[in-house]
Every structure is written in C-alpha cells, then in structure tokens.
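> predicted model and sequence follow; I will ask about them next.
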Amino acid sequence: MDNNDFEVIIIGGSYAGLSASLTLGRSLRKTLIMDAGKPCNRQTPHSHNFLTQDGSTPEKISNIAKLQVSKYDTIRFYEGFANSGKKTSRGFEIINSDGDTFTTKKIVIATGIKDLIPSITGFADCWGISVIHCPYCHGYEFKNQKTAILANGDSAFHLAPLVHNLTKESAILTSGKPTFDKGQSEKLKMRNIRIMEKEVVEITHENGQVKTVVFKDSSKESFDAVYAPIPFEQSSDIPVSLGCELTEQGYIKVDSMQKTNINGVFACGDNSTMMRSVATAVYGGNIAGAAINKELTEESF
C-alpha cells in the first residue's frame, strides 16, 4: 500500500468526519481525512446541546477532536479540497485541489451543506449568531426575548410552536402573502403570534446581534433574534458525480448505517440529515466508521 493508497478516505474533517475517523483509527484502518478548514458553523460563537461541550466554541470542539484523532498513527490529514472522485476497479479515486491522486476502498462524504444566503442586507453578518436555524442549538440563549420567524407556510408553522415554547413574544415575517391553511392560521391567532406580510430588505445589527428588521416600505421593528430556515445545496459535487441518490429535500440518501446507494460510499453529518447539530454529526460519523470497519473486516476475513 503506497503513501497515496488508503482503506478509507474521509472528505470533510469537521465533526462527522472526525468522528468517523476516530472509530476507524481505533480499528487500525489506514485513513485519510481531506478537509479545507471551512466548517459551515465557523461564524457561530458557541455550540450548544452537545453533552460535555455545551457552550464551547465550535473551534474548541474541533481542535480537541483533531488532537484526539491524531494520536492514532493510521490517520493522515490533508488540508485542502477534494476536487473530484470516480469509481475504479479497486474502489475509488479522489483528486485533490493540488492535482494529487489518492485511491481508496471506501469513502466517507462528510462535506456538509452550503447555505444559500438570501439577498437581505445584514443577513450574512448575523447568520449563526442571532439569525439562526435551530431552536435546540440556539433557542435557550434567546428565551423570553422578542423573536421573528422569517418564513412562510409549513416551514414557518413548523418553527412556530418550538419558538412559542421559548418565548411568548414572536412574529412570523412572511415577506408576502401568507400561505398558511385555515387550521394553521387559527392556531397562530390563538397563540397571539403576529403575521407580518411586508417584505424584509435589511437586518440591522451590532457585531452580528440583531437590532431591527427593516421592511421594503422603510418601516422597521426591533427584534432580538430571527429564525430563518433558508435553502441549501450540497457543498461538494462529488456525491452526485459518484451516483449518490439525493432525497427530495436535497440531502444525500443514506440508510440506518449511513450507507448511500453506491457500494463503498457512506455519508454523514449535515449533508445527509435535517437534524443539523454537532451532536447529530458526531453520531452519524461514529455509525459510518463502525459500518465501514465491519465491511472491510468481512471482506478480508
């Protein structure tokens, strides 16, 4: 086995990828982690709802994980992008951003997703800080504070009860005609959740902390936090190029062992589940690593 030949290549070295590598390192598997060092939560000040690390910075959690994984001598790191991948007679071939080629029997795709930030002034500066996506990751920090939900229809209604549980002062900003059905509208009215139809054009802030939401008619209203379930796309083209099937929502389709429809290819983390959190990513990576080791063990036994 040469220096560029591995049993497993993990594309993406954040929480899911590092979790998979820990299991593989402890199973003596020659593993390469390819990571560009740009996790999607790099702007988030604190990570929550992850047992033993509640309130730690994402960077701290990642650094601890890398230190622990590095202790296993079958693990190797490459800092950079995986540009392309293809199936070969032996397994797979991955080419990185430097043009180097690596071969492997198995692949773990832990590349996360790319958020499609709307063209609302100030939105990007607040994303992951006070413009947030998950009540479980961020909600406690904004409990009992004035909160907006920037969404419409089923997406907004999904968040409304979760937000209402945390604060009784909330409003839904639909940026257009509301698309709630009759039952949804009645429930929102019963809970005194306002619906504001005016288009949002700007979020004013101080160091990422929301101050006001500005509407197209130049009116504004103060809020402390804004939930925004924005669209996304896969961060890497490699899954689709290898033939991995996506769900209707755009996630990589996996089974209970994080296996895709392509033999030898596994996916874990934000790219394959709507449960977007560090804890879930670590869980998925752990499962993927164990499933891969089982396959490699049975293939060589």
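All right, it came through fine.
> low-confidence ranges in the stretch 101-250 of the chain?
For the stretch 101-250 of the chain, applying pLDDT under 70 flags no range at all.
> report the secondary structure state of Val163.
Under DSSP: H, G, I helix; E, B strand; the rest coil, Val163 falls in the helix class.
> I'd guessed it sits against Gly139; true?
Yes: between Val163 and Gly139 there is a contact at 7.3 Å, judged by Cβ atoms under 8 Å. Heads up, the C-betas are built off the backbone N, CA and C, glycines and all.
> residues that sit against both of the two, list them.
Counting by Cβ atoms under 8 Å, 6 or more residues apart in numbering, Val163 and Gly139 have no common neighbour.
> can you point out the buried residues in stretch 169-188?
170-175, 180, 184, 188 (16 or more other Cβ atoms under 10 Å).
> for stretch 35-45, same thing?
Neighbour-count burial for stretch 35-45 flags 35-36, 39-41, 44 (criterion: 16+ other Cβ under 10 Å).
> tell me the one among those nearest to Lys294.
Checking these against Lys294 with Cβ to Cβ, the nearest one is Asp35 at 24.5 Å.
> who does that closest one bridge with?
Taking DSSP bridges, one obtains Glu79 as the residues bridged to Asp35.
> OK, contacts around it?
12-14, 17, 77-80.
> with distance to Leu159 added, can I get the residues you listed in JSON lines?
Below are those laid out as JSON lines (distance: Cβ to Cβ, whole Å):
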{"residue": "Gly12", "distance to Leu159": "28"}
{"residue": "Gly13", "distance to Leu159": "31"}
{"residue": "Ser14", "distance to Leu159": "25"}
{"residue": "Gly17", "distance to Leu159": "29"}
{"residue": "Phe77", "distance to Leu159": "38"}
{"residue": "Tyr78", "distance to Leu159": "39"}
{"residue": "Glu79", "distance to Leu159": "37"}
{"residue": "Gly80", "distance to Leu159": "37"}
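> got JSON lines for the buried residues of stretch 169-188, with secondary structure too?
What follows is the buried residues of stretch 169-188, written out as JSON lines (three-state DSSP):
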{"residue": "Ser170", "secondary structure": "strand"}
{"residue": "Ala171", "secondary structure": "strand"}
{"residue": "Ile172", "secondary structure": "strand"}
{"residue": "Leu173", "secondary structure": "strand"}
{"residue": "Thr174", "secondary structure": "coil"}
{"residue": "Ser175", "secondary structure": "coil"}
{"residue": "Phe180", "secondary structure": "coil"}
{"residue": "Gln184", "secondary structure": "helix"}
{"residue": "Leu188", "secondary structure": "helix"}
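> of those, which pair is most distant in space?
Ser175 and Gln184 (17.2 Å).
> distance of Gly250 relative to Pro118?
According to Cβ to Cβ, to the nearest Å, Gly250 stands 17 Å off from Pro118.
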